[in-house]
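*Asks:* Just a sequence and a predicted model for now, questions to come.
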Amino acid sequence: MAFGGWIALSALLLGQQVSADPAPFATRNQSPVARLFGVPTAENALPSDAPGFRAAVALDTANQSHQNVDGNRELVLDGETWTLRSEIRHEWANGWRLAMEIPYVVHWGGVWDRIIMEYHDVMNLPQGNRKFRSTGRVDYSYREGSRMHFATDESTAGLGDVRLSVAIPLAINVPRTRGAYSMAGIELPTGDPDDLLGSGSTDVRLGLAASDRATLSRWGMDLHASGGMLAMTTGEVLPDHQKHLAAYGSASLGWRMTPRLHPRVQLDWHSPIFSGTGMKPLDSWAVELVVGGRIRLPGGFRLDVAFAEDLNVSASPDITFHFRLEKQM
């Protein structure tokens, strides 16, 4: 209720002169290990009404507390990962797009532990092992017997893996209310795998996306769906267990509630990046529900505010907060 009330108040304060854009949230699984690989964020499959350059800054803050011991194997993912992404994109009049994304990643103890515990108590949700571990700590580690595959127990920060992408229109109807795009991209191993800032793998992905503003236009709603495959070279994080192919996808429903405000519900998923560890956060499908909205601000700015909950519990962070500010150049 507090989140929805904040969005509604923002809409009233900002007025109702211009329209919000029907675009999916640019989010993905922010698990400190799975996020290292090139699963993409969802992207609009309709051409922009104003081609040219766009710049954006996005912040994802993900909190989780997971510990699992299975025989001689132990996985601990306890902490917060904050990812600040700088993005620039150029779109031509024919709908072609090129984009680059540069992430700065911080692993630390964070600030959300107590708030999440109180929220889980109020909503009668499971706490997992939160009440048995101290708050405000970072501990990302996985061992098999005496072999420690990775271990981060101190705050670390630095450049993540840089991404480049291209989007090519396949079909667009004359009113520009339905469209299909082909999406391709590459993630380069620019982050340090030892600090869980990068994977050490070069990842290439190819997918399709479709957006539809016509079918549910009577109710002011739009639809988006995308999916594809990710191919990964052998990285430096759990190379013995890493897969080389993964599937990913997203589906969302948006509502043009006011000309300035566009709430959205979104479902993101991807297949496991690893196998054979016996640990759910590594070997399981990640499925997240993302809820939030886009607000059109004065001066050509657009603000996305959303949060993601793990539907397949422990396969992704307990909660991720997403903020993204975009500007037409």
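*Replies:* Nice, thanks for sending it over.

*Asks:* doesn't residue 233 make contact with residue 242?
*Replies:* No: the criterion here is Cβ atoms under 8 Å, and residue 242 misses it with residue 233 at 9.4 Å. Yep, even glycine has a C-beta here, placed from its N, CA and C like the rest.

*Asks:* residues shared between the contacts of those two?
*Replies:* Between them, residue 242 and residue 233 have residue 201 as joint contacts when contacts are counted by Cβ atoms under 8 Å, 6 or more residues apart in numbering.

*Asks:* mind listing what's buried in the helix or strand that residue 229 is a member of?
*Replies:* Assigned by DSSP states H and E, residue 229 falls within strand 221-232. Buried residues in strand 221-232, defined by neighbour count with 16 or more other Cβ atoms under 10 Å: 221-228, 230, 232.

*Asks:* Tell me the strands beside it, with direction?
*Replies:* Here strand 221-232 is paired, per DSSP bridges, with strand 203-212 (antiparallel), strand 245-255 (antiparallel).

*Asks:* closest one to residue 73 among these?
*Replies:* Between residue 73 and the strands paired with strand 221-232, the shortest separation by Cβ to Cβ is 21.9 Å, and it involves strand 245-255.

*Asks:* all helices in the protein, in order from the N-terminus.
*Replies:* Listed from the start of the chain, the chain has helices (DSSP state H) covering 2-14, 113-122, 280-283.

*Asks:* Least reliable of those by average pLDDT, please.
*Replies:* The minimum mean pLDDT among the helices of the chain belongs to helix 2-14 (a mean of 42).

*Asks:* re earlier: so which of the strands paired with strand 221-232 is nearest residue 165?
*Replies:* Between residue 165 and the strands paired with strand 221-232, the tightest spacing by Cβ to Cβ is seen for strand 203-212, at 8.4 Å.

*Asks:* Could you measure from the residue of the chain positioned farthest from its centre over to residue 73?
*Replies:* With distances taken as Cα atoms, centre = their mean, the residue sitting farthest from the centre of the chain turns out to be residue 146, at 33.6 Å. Using Cβ to Cβ, to the nearest Å, one gets 12 Å for the distance from residue 146 to residue 73.

*Asks:* Repeat that for residue 110.
*Replies:* Taking Cβ to Cβ as the measure, residue 110 falls 26 Å from residue 73.

*Asks:* and these two? which has more neighbours close in?
*Replies:* More crowded of residue 110 and residue 73, by other Cβ atoms under 10 Å: residue 110, with 22 against 16.

*Asks:* quick one: contacts for that one?
*Replies:* Taking Cβ under 8 Å, 6+ apart as the criterion, residue 110 is in contact with 61, 63, 79-80, 82, 136, 138.

*Asks:* and those, which of them are in strands?
*Replies:* Within the contacts of residue 110, residues falling in strands by DSSP state E are 61, 63, 79-80, 82.

*Asks:* about what we covered before: now tabulate the buried residues of strand 221-232 in JSON lines and tack on distance to residue 97 and pLDDT.
*Replies:* What follows is these, written out as JSON lines (distance: Cβ to Cβ, whole Å; pLDDT from 0 to 100):
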{"residue": "221", "distance to residue 97": "24", "pLDDT": "96"}
{"residue": "222", "distance to residue 97": "19", "pLDDT": "96"}
{"residue": "223", "distance to residue 97": "20", "pLDDT": "97"}
{"residue": "224", "distance to residue 97": "16", "pLDDT": "97"}
{"residue": "225", "distance to residue 97": "18", "pLDDT": "97"}
{"residue": "226", "distance to residue 97": "14", "pLDDT": "97"}
{"residue": "227", "distance to residue 97": "18", "pLDDT": "98"}
{"residue": "228", "distance to residue 97": "16", "pLDDT": "98"}
{"residue": "230", "distance to residue 97": "19", "pLDDT": "98"}
{"residue": "232", "distance to residue 97": "24", "pLDDT": "98"}
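
*Asks:* Quick check: of these, which lies closest to residue 252?
*Replies:* Distance from residue 252 was checked for each of the buried residues of strand 221-232 by Cβ to Cβ. The minimum falls on residue 224, at 4.7 Å.

*Asks:* The closest residue to residue 27 other than its chain neighbours bridge partners, please.
*Replies:* Spatially, and ignoring its direct neighbours in sequence, residue 27 is nearest to residue 322 (4.9 Å; Cβ to Cβ, 6 or more residues apart in numbering). Residue 322 has the following beta-bridge partners by DSSP bridges: residue 60, residue 306.

*Asks:* hang on, residue 322 packs against residue 294?
*Replies:* No: the pair residue 322 and residue 294 fails to qualify as a contact (Cβ under 8 Å) at a distance of 11.2 Å.
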